[in-house]
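[1] pasted the sequence and its predicted model underneath.
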Amino acid sequence: MLQKILILCLCVVAGIHHPVIADTSKVIATAGATTIEGAAGGGIVPWAVINGYASTEQWSATAMSTLVTVDDFTLQAVGASLSVDNRFEVSLTKQTFDLDTMGGKLGQDIIGIKYKLAGELLYTSLPQFSVGLQYKRVDDFTIPNAVGARNDWGLDAYLAASKVYFDAIAGRNLVTNLTLRATKANQTGLLGFGTTTNNDYHLQTEVSVALLLTDNIALGYEYKQKPNQLSFAKEDDWQDIFMAWFINKHLSLVGAYANLGSIAGFERQKGWYLSIEGTL
């Protein structure tokens with residue numbers, strides 16, 4: 001059902017005329033990529049940037065498909081987003097998490113919104129600040145309930161600050177991002193939300209840095225802090241080293257080496273991340 005909604009959203013946007021489709025006023029790569037949760041950013045960390053290349057009084061639509069393969073699990077994410085005025089973003093994402101070694105499957109739907117509060121990524125001393133919400137609901141609560149999760153849905157809230165520093169390293173520009181997230185999610189929500197003994201929010205820190213090797217190729221690092229709530233298994237923080245290639249303003253590719261630590265009792269989950277994104 002969600003996949004049909006994603007396709008419908010893109011068709012609607014593609015069918016609307018000027019000033020919907022973005023022009024070239026935004027600099028390439030300043031829209032970032034799309035995270036596995038659907039928000040504009042890196043691969044696992046949402047940034048303050050808004051998806052697509054829409055400027056004032058313009059719309060932009062983005063669709064992405066992402067595959068993450070580690071030793072014992074495979075995550076697939078497909079999603080789409082709409083942005084307007086380079087200020088507001090709404091996204092829909094479907095995640096499927098295959099338990100390759102154990103057998104079985106988990107999944108969740110994510111609806112996200114983001115709003116730019118103040119500042120600019122490039123042209124002011126003040127970083128760009130955005131606030132976002134992500135509503136998440138798991139497909140099947142059987143496994144999360146069995147391991148101690150309290151709810152099959154949750155709401156994440158985050159505040160992100162992003163800034164580009166010109167000529168920062170060897171004459172190249174450096175992108176930095178800091179995100180503070182309030183969450184109850186276990187393994188980003190795939191194992192439910194909260195626990196039977198604790199339903200409090202946890203404040204987590206997420207960071208990204210990326211060096212623009214050229215105007216359209218970036219090499220970066222991300223770190224995502226995660227709450228460790230479920231007693232049956234340790235939950236580690238996530239990190240990755242990524243390379244992003246913004247082929248043009250309509251197509252980009254991101255590849256990464258990911259270290260997801262311990263997941264559901266399976267230690268040292270390391271592997272590869274690949275994402276393709278198209279933008280109108």
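    Now that the structure is in, tell me what you want to look at.
[2] going forward, measure contacts and count neighbours with C-alpha atoms only.
    Fine.
[3] Val78 bridge partners, please.
    Ser65, Lys94 (DSSP bridges).
[4] quick check: it touching Thr66?
    Yes - with contact defined as CA atoms under 8 Å, Val78 reaches Thr66; the gap is 6.4 Å.
[5] pLDDT averaged over stretch 174-189, what's the number?
    Averaged across stretch 174-189, pLDDT comes to 97.
[6] ok now it, how far from the chain's centre?
    Mean-position distance between stretch 174-189 and its chain equals 9 Å (CA atoms, centre = their mean, to the nearest Å).
[7] now stretch 117-125
    That offset, for stretch 117-125, works out to 21 Å (CA atoms, centre = their mean).
[8] buried sites along that stretch?
    Leu117, Gly119, Glu120, Leu121, Leu122 (16 or more other CA atoms under 10 Å).
[9] and Leu75, helix, strand or coil?
    strand (DSSP: H, G, I helix; E, B strand; the rest coil).
[10] which residues touch it?
    Leu67, Val68, Thr69, Gln95, Thr96, Phe97, Asp98 (CA atoms under 8 Å, 6 or more residues apart in numbering).
[11] partners of the lengthiest strand in the chain in the sheet?
    With secondary structure taken from DSSP state E, the chain has its longest strand at strand 153-169. Using DSSP bridges, the strands paired with strand 153-169 are strand 128-138 (antiparallel), strand 172-183 (antiparallel).
[12] show the subsequent helix or strand relative to the first one.
    Moving toward the C-terminus from strand 128-138, the next helix or strand (DSSP states H and E) is helix 142-146.
[13] contact partners of that next one?
    Contacts for helix 142-146 (CA under 8 Å, 6+ apart): Asn151, Asp152, Leu190, Leu191, Gly192.
[14] so how far is stretch 118-130 from its chain's centroid?
    The answer for stretch 118-130 is 20 Å, by CA atoms, centre = their mean.
[15] send the alpha carbons of it over as PDB?
    C-alpha atoms of stretch 118-130 as PDB (Å, rounded to 0.1, in the frame of the first residue of the first chain):
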ATOM      1  CA  ALA A 118      16.800  29.500  10.400                       C
ATOM      2  CA  GLY A 119      20.200  30.000   8.900                       C
ATOM      3  CA  GLU A 120      21.800  28.900   5.600                       C
ATOM      4  CA  LEU A 121      24.000  26.000   4.700                       C
ATOM      5  CA  LEU A 122      26.300  28.200   2.500                       C
ATOM      6  CA  TYR A 123      26.000  31.900   2.700                       C
ATOM      7  CA  THR A 124      25.700  33.000   6.400                       C
ATOM      8  CA  SER A 125      27.800  32.500   9.500                       C
ATOM      9  CA  LEU A 126      24.700  30.900  11.200                       C
ATOM     10  CA  PRO A 127      24.300  27.200  10.400                       C
ATOM     11  CA  GLN A 128      21.100  26.000   8.900                       C
ATOM     12  CA  PHE A 129      18.700  24.700  11.600                       C
ATOM     13  CA  SER A 130      15.800  22.400  10.900                       C
END
